[in-house]
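>>> Got a sequence here, can you model it:
(one chain, ligands or ions: 1)
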Amino acid sequence: LSELSFSDKLKKAILARSLYFEMGKNNCFRVFNAEGDGLDGLTIDFYDGHLLVQYFNKEVEDSIFDYIAVIGNQTPYFPVPVKSILLKNRKTVRGKQNFDDIRDSKIVEGDYPEEGIVVLHNGVSVKVDLVHGQSTGIFMDMGQVRADMEEKYRSGKIKSMLNLFSYTGVFSVHGLKNGVSNSINVDLSKAVLKRARGNYEINSLKVDERDFVYGDAAEWVKILAKKERKFDLVIFDPPTFARNRKKKFSVKRDYLTFLKAIAEIVNEGGFVLSSVNSYSVSKEDYFQCHPHGWELVRFWTESADFKYSANHYLKVGLWKPGV
Ligand SMILES: C[S@@+](CC[C@H](N)C(=O)[O-])C[C@H]1O[C@@H](n2cnc3c(N)ncnc32)[C@H](O)[C@@H]1O
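Purely as a prediction, here's the structure:
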């Protein structure tokens, strides 16, 4: 079989996502996922007509404007109009370079509103910023997790939620819009908590300052335990700790300690949703990061639009802590 050109690979990738373009509850997803779609180091995300192209290695960088030209020529193949193309450098940053400046996207085609855009993700509105910094405001690889959690929220079994490492509060907004009564967001960044409040507002959710807690997640678990607060669901979605093999063991230790502390603040019959975002932690390692006696209710990897080739990096589980 002859090697497909990038143009053919992209056409194939767009075609494979046909259904995504039709889904009423989502207008953001991954259109081209690096190796999974045949080109290591290049991803394309679709955000309501805006295409965010990201390159992760030197090989792709060297030919990036050829790739951009192909993407530009392919816009007629998109079932909906393409409004702009943005380009982000995601190569590993070494030394003392200004990380945020390097990560800022360049608008290479079309018009993109400076103030950012609002996209629809699993039926909720999320404000995203496709230009500044590394992350846009939404982790789309969790799309399937959030979609499946909807059933749990709607069942009425989850009324109270603690969203640790909340980022822009997407888990909370999704829960609250689907039957959860209260959610507390904890994050070590005031800027992302502000964005979380913004996401509540655009979804017409009441903003109570007490639900946006600035601080270290581990400290807050201790404080909440002392106050004897308990929740029906605790989300534990920390940033990636592990980058090398040696560190893998500390992930396991850190996870176990953290999760044991979390168990103290989960209501009887309640759940913990935990995640690991790293190729270097296998599915088995992830399972072993949980205390004995915990029951796995459901397991996920990245959503299907993040078409994979060899390995999944994302491991997410819904657990029932043991007694
Ligand atoms: C992977 S993101 C979480 C994504 C989020 N669950 C979602 O689905 O949108 C990790 C977040 O953890 C926050 N963070 C990092 N260290 C923290 C700490 N020690 N305590 C609380 N939050 C922390 C970061 O500011 C970032 O917003």
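>>> who in the stretch 151-300 of the chain is up against the ligand?
When proximity is defined by C-beta under 6 Å from any ligand atom, the stretch 151-300 of the chain lies next to the ligand at 165, 167-168, 170-171, 186-189, 192, 216-217, 237, 239. Yep, even glycine has a C-beta here, placed from its N, CA and C like the rest.
>>> one more time with 8 Å, if that's ok
On the criterion C-beta under 8 Å from any ligand atom, the ligand has as its neighbours in the stretch 151-300 of the chain the residues 163-171, 186-189, 192, 215-220, 235, 237-240, 275, 277.
>>> Next up, the contacts around the residue sitting nearest the centre point of the chain.
The geometric centre of the chain, computed from its C-alpha atoms, lies nearest to Phe139 (C-alpha atoms, centre = their mean), at 2.0 Å. Taking C-beta atoms under 8 Å, 6 or more residues apart in numbering as the criterion, Phe139 is in contact with 167, 170.
>>> hmm, which of the residues of the stretch 151-300 of the chain next to the ligand are the buried ones?
163-171, 186-187, 192, 217-218, 220, 235, 237-238, 275, 277 (16 or more other C-beta atoms under 10 Å).
>>> Let's see which of those residues end up in strands.
Under the assignment DSSP state E, those contribute 163-164, 186-187, 235, 275, 277 to strands.
>>> Need those residues in JSON lines (columns: pLDDT).
JSON lines is the format used below for these (pLDDT from 0 to 100):
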{"residue": "Asn163", "pLDDT": "98"}
{"residue": "Leu164", "pLDDT": "98"}
{"residue": "Val186", "pLDDT": "98"}
{"residue": "Asp187", "pLDDT": "98"}
{"residue": "Ile235", "pLDDT": "98"}
{"residue": "Ser275", "pLDDT": "96"}
{"residue": "Asn277", "pLDDT": "90"}
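>>> ok, so of those residues, who is nearest the ligand?
Proximity of these to the ligand (C-beta to the nearest ligand atom) peaks at Asp187, which lies at 4.4 Å.
>>> and the closest one, bridged to which residues?
According to DSSP bridges, Tyr214 are recorded as the beta-bridge partners of Asp187.
>>> Pretty sure it sits against Ala196.
Yes. Assessed by C-beta atoms under 8 Å, Asp187 is found in contact with Ala196 at 7.4 Å.
>>> Could you tell me which residues touch both of these two?
Going by C-beta under 8 Å, 6+ apart, residues that sit against Asp187 and also against Ala196 are 166-167.
>>> Can you list the neighbours in contact with stretch 80-99?
Defining contact as C-beta under 8 Å, 6+ apart, one finds that stretch 80-99 is touched by 21, 48-58, 61, 64, 68, 71-72, 75, 102-112, 130-131, 134.
>>> PyMOL command for the buried members of the residues you listed?
The buried residues among the contacts of stretch 80-99 can be selected in PyMOL (16+ other C-beta under 10 Å) with this line:
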select buried, resi 49+50+51+52+53+54+55+56+61+64+68+71+75+103+105+108+109+110+112+130+131
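>>> Counting only helices, which of the contacts of stretch 80-99 make the cut?
Using DSSP state H to define helices, the subset of these located there is 21, 58, 61, 64, 68, 71-72, 102-103.
>>> okay, those in a markdown table with pLDDT next?
A markdown table is the format used below for the ones in helices among the contacts of stretch 80-99 (pLDDT from 0 to 100):
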| residue | pLDDT |
| --- | --- |
| Phe21 | 90 |
| Lys58 | 96 |
| Glu61 | 97 |
| Ile64 | 96 |
| Ile68 | 96 |
| Ile71 | 95 |
| Gly72 | 94 |
| Ile102 | 90 |
| Arg103 | 92 |
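>>> Need those residues in CSV (columns: distance to the ligand).
Converted to CSV, the ones in helices among the contacts of stretch 80-99 look like this (distance: C-beta to the nearest ligand atom, whole Å):
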residue, distance to the ligand
Phe21, 23
Lys58, 26
Glu61, 25
Ile64, 27
Ile68, 28
Ile71, 27
Gly72, 31
Ile102, 19
Arg103, 15
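>>> Go through those and name the one nearest Glu150.
Nearest to Glu150, judged by C-beta to C-beta, of the ones in helices among the contacts of stretch 80-99 is Phe21 at 21.1 Å.
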